[in-house]
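Trainee: With the sequence up front, the predicted model follows.
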Amino acid sequence: MAHKEREAAILSYLREHRHASVAELAHALYVSEPTVRRDLAALSAAGKLWRTHGGAAGRADRGENLPLSLREREHSDAKTAIGRKCLELIKDGDTVMVDSSSSALALLRVIGERSSIAVVTNSAKAALILAECRCKTFVTGGELAADTYAYVGSHAEEYVRRFNADVCFFSVRTLTRDGRLTDNAIAENGVRRAMMAASRRRVLMLDSQKLGEGCLETLCRLSDVDAVVSERDLSAVFPDHADKFL
């Protein structure tokens, strides 16, 4: 099978199955796993699919949000590195807000290294992780969004507004080249806005693979955040905001 034919076959398979492992794709296309990995790398670089741990997932349609179970497997090494860097921005005794993103979960897995921390979150899964550390945890409640384990809606937003946080950490689906932070999850964006308004410092957790075209809704612009944490230096891409990239 020619290179272009393989790429088309991979994209077709992912449209039908949403996600697949390297082994599954190699079996379906009758090619070797190294060949599949090279094709996935090329398609990911072209923005045509998402790489996950051990495989790939099809790009969500405009307006569609990927389930948390898939997002957690996307570029997991990068998210671990981002979580570690974000931990350096938290001091003992801080009140921290985190959204329902998979990037935020990477931070919460190490946040127990700080003492006397209070965490406010709208993520049901985050609450389970925090239960294993000594952080004081506040969970918003509200309507639970399918597939994302995020509490959303007016109840969640109003709960967030009760707190005064030192810093909030959040992520979005894409950051556009003109500096717009965009996401398909409109209801989750509402909670993120409440968190940003209730926090002295706002930090975007950005996997570098999320540079791309805008999604359904613009959450805010780079000028609205205080810092951007990525696994690699992206300051040259946004020279007007270079000082924000850590």
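Mentor: Structure's in. What do you need?
Trainee: going on from the helix or strand harbouring Ile82, what's the next piece of helix or strand?
Mentor: Here Ile82 sits within helix 76-87, counting by DSSP states H and E. Toward the C-terminal end, the helix or strand that comes next after helix 76-87 (DSSP H and E) is strand 95-98.
Trainee: Remind me what that next one packs against, helices and strands.
Mentor: helix 102-108, strand 118-121, strand 165-170 (3 or more Cβ pairs under 8 Å, 6 or more residues apart in numbering; DSSP states H and E). To be clear about C-beta, it is placed using only N, CA and C from the backbone, and glycine gets the same treatment.
Trainee: Point out the most buried one among those.
Mentor: Compared across the helices and strands packed on strand 95-98, helix 102-108 shows the largest average neighbour count, a mean of 27 (mean count of other Cβ atoms under 10 Å).
Trainee: hmm, who's touching it?
Mentor: For helix 102-108, contacts defined as Cβ atoms under 8 Å, 6 or more residues apart in numbering pick out 68, 71-72, 74, 76, 79-80, 82-83, 86-87, 98, 119, 121, 123, 125-126, 129-130, 169-171, 205-207.
Trainee: Quick one: mean pLDDT over the longest helix along the chain.
Mentor: Secondary structure of the chain per DSSP state H: the longest helix is helix 3-17. The average pLDDT within helix 3-17 is 85.
Trainee: export it as CSV, just CAs?
Mentor: Taking Å, rounded to 0.1, in the frame of the first residue of the first chain, the C-alpha atoms of helix 3-17 are listed here in CSV:
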residue,chain,number,x,y,z
HIS,A,3,2.2,6.1,1.6
LYS,A,4,-0.8,8.3,0.8
GLU,A,5,-3.1,5.3,0.6
ARG,A,6,-2.0,4.2,4.1
GLU,A,7,-2.6,7.7,5.5
ALA,A,8,-6.1,7.8,4.0
ALA,A,9,-6.8,4.3,5.4
ILE,A,10,-5.7,5.3,8.9
LEU,A,11,-7.9,8.5,8.9
SER,A,12,-10.8,6.4,7.6
TYR,A,13,-10.3,3.8,10.3
LEU,A,14,-10.2,6.5,13.0
ARG,A,15,-13.3,8.2,11.7
GLU,A,16,-15.1,5.0,12.2
HIS,A,17,-13.5,3.8,15.5
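Trainee: Would you indicate which residues of that helix are buried?
Mentor: Judged by neighbour count using 16 or more other Cβ atoms under 10 Å, the buried positions of helix 3-17 are 6-7, 9-11, 13-14.
Trainee: got it, and stretch 181-201?
Mentor: Result for stretch 181-201 [16+ other Cβ under 10 Å]: buried residues 181-185, 187-196, 198-199.
Trainee: related to what we said a few turns ago, determine the angle, from 0 to 180 degrees, between the helix holding Ile82 and strand 165-170.
Mentor: Relative orientation of helix 76-87 versus strand 165-170 (axes from the mean of the first three to the mean of the last three Cα atoms, to 10 degrees): 170 degrees.
Trainee: Where does Ala56 sit: helix, strand or coil?
Mentor: At Ala56, secondary structure determined by DSSP: H, G, I helix; E, B strand; the rest coil is strand.
Trainee: ok, it touching Ala20?
Mentor: Yes - using Cβ atoms under 8 Å, Ala56 makes contact with Ala20 at a distance of 6.5 Å.
Trainee: Of those two, which one has the most company?
Mentor: Ala56 (29 against 24; other Cβ atoms under 10 Å).
Trainee: So which of the buried residues of stretch 181-201 are in helices?
Mentor: Those of the buried residues of stretch 181-201 lying in helices (DSSP H): 187-196.
Trainee: now those as JSON lines including pLDDT and distance to Ala45?
Mentor: Shown next, in JSON lines, are these (pLDDT from 0 to 100; distance: Cβ to Cβ, whole Å):
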{"residue": "Ala187", "pLDDT": "93", "distance to Ala45": "31"}
{"residue": "Glu188", "pLDDT": "94", "distance to Ala45": "28"}
{"residue": "Asn189", "pLDDT": "95", "distance to Ala45": "28"}
{"residue": "Gly190", "pLDDT": "96", "distance to Ala45": "33"}
{"residue": "Val191", "pLDDT": "97", "distance to Ala45": "32"}
{"residue": "Arg192", "pLDDT": "97", "distance to Ala45": "28"}
{"residue": "Arg193", "pLDDT": "98", "distance to Ala45": "32"}
{"residue": "Ala194", "pLDDT": "98", "distance to Ala45": "36"}
{"residue": "Met195", "pLDDT": "98", "distance to Ala45": "32"}
{"residue": "Met196", "pLDDT": "98", "distance to Ala45": "31"}
